[in-house]
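Student: Can you look at this prediction? I've put the sequence above it.
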Amino acid sequence: MAKILLVEDDKDLNNLVRTFLLCEHHTVETAFKGSDADALIQCGNYELIILDWELPEKTGIELLRDLRSTGSQTPVLMLTGKGAIDEKMSGLDSGADDYLTKPFNMRELGARVRALLRRPAAVSANNILTGAGIQLDVSKYRVVKDGQPISLLPKEFQLLEFMMRHPNQVFTADALLLRVWPSDSDATTEALRSTVKRIRKKVDPDGSLLRTVHGVGYILEIG
């Protein structure tokens, strides 16, 4: 499950790719123009951007260069009808992580998306996240705090995993609901508060790690 920005001006293709990604259990936001995508990138936290080359108002390459100029390492998959080697090199040299030429098979798109989303997790050996005495093993669905095993409910585990993958960042309640409760009927701020409360009780009883930033949202502070 990841939050993905899809930027494609062909409405039929945009809808087709969006539907496919939703079926893969991702959260998807879409844009049809470069200027709209620019605004979303400025205020959104995306784990992957799927970006068309030719867009109205601002091209995909311009968006990509602006993104990389900020130091962002968000993976970018370029979609384009351009197949010449020099054009592919231009996209990759501008900071794209991968390249898919139209027309493409959705199964290949899915494989490339999965490969790009695996890259950030590769920094943690065996997909184990650690920090502040917490060890979260994604593959074994296990959490240990200061050497003691902790039993978490599924939503507690998913929320803690997300926060550990994005430490020291403030997320609004709406952003967390989109990322952890994207298709659940119980996606409410009260459900989020209850989940945070239970995580604190089990993992962070003094409230020094998973903090509430009043009027903004939540942050997991890991030094």
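Tutor: Thanks, I have it.

Student: Flag the helix or strand of this structure with the lowest per-element mean pLDDT.
Tutor: Within the chain, no helix or strand scores below helix 85-93, which has a mean of 66 by mean pLDDT, DSSP states H and E.

Student: After it, which helix or strand is next?
Tutor: Using DSSP states H and E, the next helix or strand after helix 85-93 towards the C-terminus is strand 98-101.

Student: What is that next one packed up against?
Tutor: strand 76-80, helix 85-93, helix 106-121 (3 or more CB pairs under 8 Å, 6 or more residues apart in numbering; DSSP states H and E). Quick note: C-beta positions are derived from backbone N, CA and C, even for glycine.

Student: what about the most centrally placed residue in the chain, distance to residue 162?
Tutor: Geometric centre of the chain, nearest residue: residue 47, 2.6 Å, by CA atoms, centre = their mean. To residue 162, residue 47 is 10 Å away according to CB to CB, to the nearest Å.

Student: same question, residue 71
Tutor: Distance of residue 71 to residue 162, given as CB to CB: 22 Å.

Student: These two: which has the busier surroundings?
Tutor: residue 162 (17 against 6; other CB atoms under 10 Å).

Student: Is that one part of a helix or strand, or is it coil?
Tutor: helix (DSSP: H, G, I helix; E, B strand; the rest coil).

Student: tell me the contacts of it?
Tutor: By CB atoms under 8 Å, 6 or more residues apart in numbering, the contact set of residue 162 is 176, 179-180.

Student: Need the worst-confidence member of those.
Tutor: Among the contacts of residue 162, residue 179 has the lowest pLDDT, at 80.

Student: Which elements pack onto the strand or helix carrying that one?
Tutor: Residue 179 belongs to helix 173-180 when assigned by DSSP H and E. In terms of contacts (3+ CB pairs under 8 Å, 6+ apart), helix 173-180 is packed against helix 154-165, helix 189-203, strand 217-220.

Student: rerun that using 6 Å as the cut-off
Tutor: Applying 3 or more CB pairs under 6 Å, 6 or more residues apart in numbering; DSSP states H and E, one finds that helix 173-180 contacts helix 154-165, helix 189-203.

Student: In terms of mean pLDDT, which of these ranks lowest?
Tutor: helix 154-165 (a mean of 90).

Student: closest to residue 19 among the contacts of residue 162?
Tutor: For the contacts of residue 162, the minimum distance to residue 19 (CB to CB) is 19.7 Å, reached by residue 179.

Student: Look up how far residue 151 lies from residue 143.
Tutor: In terms of CB to CB, residue 143 sits 8 Å off from residue 151.

Student: Same drill for the two, tell me which one is more crowded.
Tutor: Counted by other CB under 10 Å, residue 143 and residue 151 do not tie: residue 143 has more neighbours, with 23 against 9.

Student: quick one: the more buried one and residue 149 touch, right?
Tutor: No: in this structure residue 143 lies outside contact range of residue 149 using CB atoms under 6 Å: 7.2 Å.

Student: show me what contacts residue 55?
Tutor: Counting by CB atoms under 6 Å, 6 or more residues apart in numbering, residue 55 touches 9, 34.

Student: Give the burial count for residue 78, as a bare number.
Tutor: Applying other CB under 10 Å, we find 26 residues neighbouring residue 78.

Student: Next one: it from residue 27, what distance?
Tutor: Counting by CB to CB - residue 78 and residue 27 are separated by 21 Å.

Student: Thanks again, I'm all set now.
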